[in-house]
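Asks: pasting the sequence and the predicted model now:
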Amino acid sequence: MFRFIVRRLLQLIPTLFGLSILLFIWLHRLPGGPETAILGERGTPEMRAAIRRNLGLDEPILVQYARFLRRMIRLDLGTSTATKRAVTTEFLERFPGTVELTVMAMVIAVGIGIPLGYLAARRRGRLLDHASVGGSLIGICIPVFFLAYVLKAIFAENLHLFPSSGRQDPTLGATRVTNFFVLDGLMTREWDAAADALWHLVLPGLALASIPLAIIVRITRASVLEVLNEDFVRTAEAKGLTERTVRRRHVLRNAMLPVATSIGLLTGGLLSGAVLTETVFAYSGIGAFVAEAISQRDYPVLMGFIMIIAVVYVLVNLLVDLSYSVIDPRVRVR
Amino acid sequence: MTITAGKKREKLDRLAELAARNDEQGVSLWKEAFRRLRRNPAAVVGAIILALFVLVAVIGPFFVPYAPIDSIGIREGLVKSGQGIIPGPSGDHWLGFDHQGRDEFSRLIVGARQTLLVGVVSTLIGLAIGAFIGGVAGAAAGLGGRWGRWIDTTLMRFIDMLLAMPSLLLAVSIAALLGASLTTVMIAVGVVSVPVFARLLRGSMISQANSDYVLAATSLGVKRSRIALTHVVPNSIAPVIVQATLTLATAIIEAAALSFLGLGNPDSAIPEWGVMLADAQPYLGIRPALAIYPALGIIITALGFTLLGEAMREALDPKLRK
């Protein structure tokens, strides 16, 4: 197991290496070159020349790449042209918010999606099945940001059930420990602060969950249907096991493998969905920051975001691979 | 109990169908798939939606009552968006005006054409590049020996890297290189779908490479490149075509997201549903309908492509044949 994890982490290296080459090329191909990326569009020719010298843009391309790589390894992602602060600092501040939001979305998607997909498969061809298949089709086809606006308009602005923006009511004066607001509230026993932060997560979480939810419902349904046809299910039923046992130990467990795979593949999409959702709900996380960076052409921030997503994506998929061995001992890794 | 009963019923159905199929030997995969498609209500609904959409997109713009770029409402003093006055539907203007006093109905119709264009062009870009990479990798892996495996691995590593990149971000990086325009959106959305097409064609070709007809062709002395092009590719193309239908849906949605982030056509004179939806955001409080019309257009169209694509996949999948 340990060796497997190490091997997978080592596999991260060529991926990141390839990505760094792509990013390097990208940075150099930007309109105006890297100096524009760093200065923004307002630099004077003298400043440009100074930056070019500083960056060593007149040196051989391989030397430049080596320097770029060294900075990446030291996690030096440069300075945001919009806020003039280190990109790494900006990200670290906002990362907890986005993690909370994506975790919320995944909890909603998995918590509703798997039971719903399972029930749809059991009641194949009945109303619930048609409703969940139809609903998930529509879920895939609604643009995320439009859904976010609709949810906000209905549940926040008209019914006033949920807050319409932000991560927490600032008047609560909650104590900050980790910047994970829900976790902070629990750790400092400020229950109302934790509940308020959770409350702020519901609507953006729902909007962000729409596509993963739809996909998980469909995959669970298809996978359960396939397992229900297996011989071992018939055998289990024939030998008189209760329906409950068959359901849990035989059907669900075997049906979970493709679902786990899809959950891993969905994380990348969640992070880009966060860009749209956080913007609509003025939720201060990496997503809203990146949306701002896009409109400001803040290239160091964009580059850092791409790097982070690649790492998160590989790590989540590693977790998924590890979960296989829990779900299905047949694929247990050695 | 219900499971076993259901299984028995399925087995009987299968037997009946096998017997029936004996009568129609020689019916091609495509013909049979089409027959099954016609019997699937989801496919019919999807096809009708798409037929209407294409009809509106192709001939609609010739019949619109007003020019989609004409700020007629402002000229006639009916629209004052600054003061929050944007009139809704009336006899002359069926869906009212947009924030710049242009006839919303005409814009929606003309927007259908742009939306179709964005969807089709970006899917074709993705399909062309993806199928090329996937085809080369598949041919190399299936028929090519040691060098072939090396080519295949290299290409697929590259594709995996693209796949790991969230589509929106890939699109954003491309848009950063090319500047904001409708062409950028089409290229960006197209490139995003490259890895899917590449993986599909490669996987499908590799599974075909082991079939008997390839062995037969090889033993007859047909050249490898010829086998790949004339035998394997045509037999592997079905899942790619299905995927293209599904990609048309995501392409339209993704283009809307890019427009929302301000990477679409900066000149919103020529209407496109994604741009219209993005432009309507500041006026949601005054006239939410301005967002709802293009959004419904996008959702229904995407639904049409998805329904048809899913149905095609089912019809072509031998495992699901019943």
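Replies: Yep, that arrived. This is a predicted model, so every value here is computed, not measured.
Asks: please make it C-alpha for all contacts and neighbour counts, starting now.
Replies: Will do.
Asks: so residue B:113 makes contact with residue B:55?
Replies: No. Contact status for residue B:113 versus residue B:55: not in contact, 9.4 Å apart, counting by C-alpha atoms under 8 Å.
Asks: can you list the low-confidence ranges for the stretch 201-322 of chain B?
Replies: Along the stretch 201-322 of chain B, segments meeting pLDDT under 70 span B:266-269, B:317-322.
Asks: so which residues of it form helices?
Replies: Using DSSP state H, counting those that start in this stretch, the helices of the stretch 201-322 of chain B run over residues B:212-219, B:224-227, B:233-236, B:238-260, B:273-280, B:289-316.
Asks: please, which helix or strand holds residue B:31?
Replies: Element membership of residue B:31, judged by DSSP states H and E, is helix B:29-39.
Asks: any idea of the angle whichever helix or strand comes after that helix forms with helix B:29-39?
Replies: On the C-terminal side of helix B:29-39, the closest following helix or strand by DSSP H and E is helix B:41-59. Angle, helix B:41-59 to helix B:29-39, by axes from the mean of the first three to the mean of the last three C-alpha atoms, to 10 degrees: 90 degrees.
Asks: now helix B:41-59 and helix B:289-316, what's the angle there?
Replies: Going by the same axes, to 10 degrees, helix B:41-59 makes 130 degrees with helix B:289-316.
Asks: report the rounded mean pLDDT for the helix or strand following helix B:41-59.
Replies: Per DSSP H and E, the first helix or strand lying C-terminal to helix B:41-59 is helix B:72-75. Averaged across helix B:72-75, pLDDT comes to 73.
Asks: which SS state does residue B:109 fall under?
Replies: Recorded secondary structure, residue B:109: helix (DSSP: H, G, I helix; E, B strand; the rest coil).
Asks: can you read off the pLDDT for it?
Replies: Listed pLDDT for residue B:109 reads 88.
Asks: which other residues reach stretch B:288-298?
Replies: Stretch B:288-298 is contacted by residues A:141-143, A:146, B:98, B:104, B:108, B:112, B:252-253, B:273-274, B:276-278, B:280-281, B:283-284 when judged by C-alpha atoms under 8 Å, 6 or more residues apart in numbering or on different chains.
Asks: hey, C-alpha coordinates of that stretch in PDB?
Replies: Taking C-alpha atoms only, stretch B:288-298 is exported to PDB below (Å, rounded to 0.1, in the frame of the first residue of the first chain):
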ATOM      1  CA  PRO B 288     -35.200  38.700 -15.600                       C
ATOM      2  CA  ALA B 289     -36.900  37.500 -18.800                       C
ATOM      3  CA  LEU B 290     -34.000  38.900 -20.800                       C
ATOM      4  CA  ALA B 291     -31.800  36.200 -19.100                       C
ATOM      5  CA  ILE B 292     -34.500  33.500 -19.200                       C
ATOM      6  CA  TYR B 293     -35.200  33.600 -23.000                       C
ATOM      7  CA  PRO B 294     -31.600  32.800 -24.100                       C
ATOM      8  CA  ALA B 295     -31.100  30.500 -21.100                       C
ATOM      9  CA  LEU B 296     -34.200  28.400 -22.100                       C
ATOM     10  CA  GLY B 297     -32.800  28.400 -25.600                       C
ATOM     11  CA  ILE B 298     -29.500  27.000 -24.500                       C
END
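Asks: count of residues packed around residue 313?
Replies: Since you didn't name a chain, this refers to chain A. Using other C-alpha atoms under 10 Å in any protein chain shown, residue A:313 has 22 neighbouring residues.
Asks: ah, no, chain B please
Replies: So residue B:313, with other C-alpha under 10 Å, has 22 neighbours.
Asks: so what's it up against?
Replies: So residue B:313 contacts B:239, B:242 (C-alpha under 8 Å, 6+ apart).
Asks: and what of residue B:214?
Replies: Contacts of residue B:214 by C-alpha under 8 Å, 6+ apart are B:208, B:227, B:231-232.
Asks: if you rank those by neighbours, which is first?
Replies: Of these, with other C-alpha under 10 Å as the count, residue B:232 tops at 26 neighbours.
Asks: quick check: residues of chain B near chain A?
Replies: Contact residues (C-alpha under 8 Å from any C-alpha of the partner chain) of chain B with chain A: B:1, B:3-4, B:7, B:161, B:164-169, B:172-173, B:176-178, B:249-250, B:253-254, B:256-257, B:261-262, B:295, B:298-300, B:302-303, B:306.
Asks: just the buried ones from those residues?
Replies: The neighbour-count test (16 or more other C-alpha atoms under 10 Å in any protein chain shown) marks B:4, B:7, B:164-169, B:172-173, B:176-178, B:249-250, B:253-254, B:256-257, B:261-262, B:295, B:298-300, B:302-303, B:306 as buried among those.
Asks: ok, for the residue positioned nearest the centre of chain B, nearest residue in space, not its chain neighbours?
Replies: The centroid of chain B falls nearest to residue B:248 when counting by C-alpha atoms, centre = their mean (1.2 Å). Closest residue to residue B:248 in three dimensions, ignoring its sequence neighbours and counting by C-alpha to C-alpha, 6 or more residues apart in numbering or on different chains: residue B:119, at 5.3 Å.
Asks: the one you found: how many residues sit nearby?
Replies: Counted with other C-alpha under 10 Å, residue B:119 comes out at 25.
Asks: please report the distance of it from residue B:256.
Replies: 11 Å (C-alpha to C-alpha, to the nearest Å).
Asks: kindly report the same for residue B:37.
Replies: Where residue B:256 is concerned, residue B:37 sits at a distance of 30 Å (C-alpha to C-alpha).
Asks: which bits of chain A sit near chain B?
Replies: A:15, A:19, A:26, A:29-31, A:137-138, A:141-146, A:228-229, A:234, A:237, A:268-269, A:271-272, A:276, A:291, A:294-295, A:297, A:302, A:306, A:309-310, A:313-314.
Asks: buried subset of these?
Replies: A:15, A:19, A:26, A:30, A:137-138, A:141-146, A:228-229, A:234, A:237, A:268-269, A:271-272, A:276, A:291, A:294, A:297, A:302, A:306, A:309-310, A:313-314.
Asks: from those, which ones fall inside helices?
Replies: A:15, A:19, A:26, A:137-138, A:141, A:144-146, A:228, A:234, A:237, A:268-269, A:271-272, A:276, A:291, A:294, A:302, A:306, A:309-310, A:313-314 (DSSP state H).
Asks: ok, and what's touching stretch B:170-186?
Replies: In contact with stretch B:170-186 (C-alpha under 8 Å, 6+ apart) are residues A:26, A:29-31, A:294, A:297, A:302, B:118-119, B:121-122, B:187-189, B:191-192, B:255, B:258, B:262-266.
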